[in-house]
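Enquirer: no sequence on hand, only this structure:
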């Protein structure tokens with residue numbers, strides 16, 4: 001068997017040392033393909049989830065500290081930027 005390093009494809013080698021008929025081990029046959037199996041909508045759902053988590057954290061922090069809109073706005077913007085970063089990163093693959 002091979003060792004996984006980075007995004008390299010790992011190939012199974014027969015027990016007799018014969019490497020004939022190499023087949024990639026794992027589901028992704030090309031290391032350059034996106035790991036997101038749901039296509040572009042999966043990235044959109046991830047972005048929506050990031051913003052929703054940011055809103056939830058902001059509301060909880062606002063209730064705890066008593067700073068009504070500020071933690072909500074700050075965490076929403078932070079998680080929105082993180083969601084856009086992830087969307088751009090996934091679309092560039």
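Expert: Okay, I see it. Computed from a prediction, not measured in an experiment: that's the story for all the values here. Numbers count the residues shown, from 1 in each chain.

Enquirer: for the helix or strand residue 49 falls within, packing partners?
Expert: Here residue 49, judged by DSSP states H and E, is contained in helix 40-65. With contacts taken as 3 or more C-beta pairs under 8 Å, 6 or more residues apart in numbering; DSSP states H and E, helix 40-65 sits against helix 68-91. Yep, even glycine has a C-beta here, placed from its N, CA and C like the rest.

Enquirer: report the buried residues of the helix it packs on.
Expert: Buried residues in helix 68-91, counted by 16 or more other C-beta atoms under 10 Å: 71-72, 74-76, 79, 82-83, 87, 90.

Enquirer: would you format these as CSV with pLDDT and distance to residue 62 included?
Expert: Shown next, in CSV, are those (pLDDT from 0 to 100; distance: C-beta to C-beta, whole Å):
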residue, pLDDT, distance to residue 62
71, 96, 5
72, 96, 5
74, 96, 10
75, 96, 9
76, 94, 11
79, 95, 15
82, 93, 19
83, 90, 20
87, 85, 27
90, 84, 31
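
Enquirer: how near is residue 75 to residue 41?
Expert: 25 Å (C-beta to C-beta, to the nearest Å).

Enquirer: got it, and residue 68?
Expert: 34 Å.

Enquirer: check the burial of the spatially closest residue to residue 70 that is not a sequence neighbour by counting its neighbours.
Expert: Among residues not flanking residue 70 along the chain, residue 62 sits closest, at 7.2 Å (C-beta to C-beta, 6 or more residues apart in numbering). Applying other C-beta atoms under 10 Å, we find 18 residues neighbouring residue 62.
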